[in-house]
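**Q** The sequence and its predicted three-dimensional model are supplied below.
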Amino acid sequence: MPVIKIFTTEAVPRAATEALACELEKLCLDLLRAQPHAIQIALIQAAMPRGAQVLVEAHYRAQPYRDEAALSGFMDGVEQSVQRHLSALPRIRCFAVDQAGLSARH
């Protein structure tokens with residue numbers, strides 16, 4: 001973990017997808033202090049008849065160092081990266097997952 005899902009109404013060119021993923025991975029490493037092997041990023045083209053053109057959902061394990069300041073910096077970085085590569089202002093939602101409530105494999 002973290003798991004970042006980006007839902008967009010438009011198809012995204014491969015080069016933009018890779019550049020966006022690299023920037024998001026760096027944010028996860030630097031601000032969320034994630035382990036490289038635990039980062040999952042998905043870009044999904046979706047029909048979204050209401051709301052923003054781009055929706056970002058980030059799920060991450062709750063940790064004391066993932067505080068308000070870290071999450072604020074993370075969301076600022078996500079917003080800038082999405083605007084740069086997808087030319088849209090994203091709606092961003094972050095969800096802390098309590099370790100006790102998390103079951104996972106691989």
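**A** Perfect, thanks for sending it.
**Q** from here on, contacts and neighbour counts on C-alpha atoms
**A** Noted.
**Q** How far away from the center of its chain is the helix ranked longest in the chain?
**A** Taking DSSP state H as the assignment, the helix of the chain that covers the most residues is helix 68-86. Shown here is helix 68-86, whose average C-alpha point lies 9 Å from the average C-alpha point of the whole chain (CA atoms, centre = their mean, to the nearest Å).
**Q** What residues sit buried inside that helix?
**A** For helix 68-86, the neighbour count (16 or more other CA atoms under 10 Å) marks 70, 74-75, 77-82, 85-86 as buried.
**Q** now stretch 54-66
**A** Within stretch 54-66, the residues that qualify as buried are 54-61, 66, counting by 16+ other CA under 10 Å.
**Q** and those as CSV, adding secondary structure, distance to residue 45 and pLDDT?
**A** Below are the buried residues of stretch 54-66 laid out as CSV (DSSP: H, G, I helix; E, B strand; the rest coil; distance: CA to CA, whole Å; pLDDT from 0 to 100):
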residue, secondary structure, distance to residue 45, pLDDT
54, strand, 9, 97
55, strand, 10, 97
56, strand, 12, 98
57, strand, 14, 97
58, strand, 17, 97
59, strand, 19, 95
60, strand, 22, 94
61, strand, 26, 91
66, coil, 29, 94
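**Q** nearest to residue 30, of those residues?
**A** Distances from residue 30 to the buried residues of stretch 54-66, taken as CA to CA, are shortest for residue 66 (11.0 Å).
**Q** So the nearest residue to that closest one once chain neighbours are set aside, which state does it fall into?
**A** On the basis of CA to CA, 6 or more residues apart in numbering, the spatially nearest residue to residue 66 that is not a chain neighbour turns out to be residue 32, at 5.9 Å. On the three-state scheme (DSSP: H, G, I helix; E, B strand; the rest coil), residue 32 is labelled coil.
**Q** any idea of the pLDDT on residue 32?
**A** Confidence at residue 32, expressed as pLDDT, is 95.
**Q** How about the one 10 residues further on?
**A** According to the prediction, residue 42 has pLDDT 97.
**Q** for it, which residues make a bridge with it?
**A** According to DSSP bridges, residue 5 are recorded as the beta-bridge partners of residue 42.
**Q** From residue 63, how far off is it?
**A** Going from residue 42 to residue 63 by CA to CA, to the nearest Å gives 23 Å.
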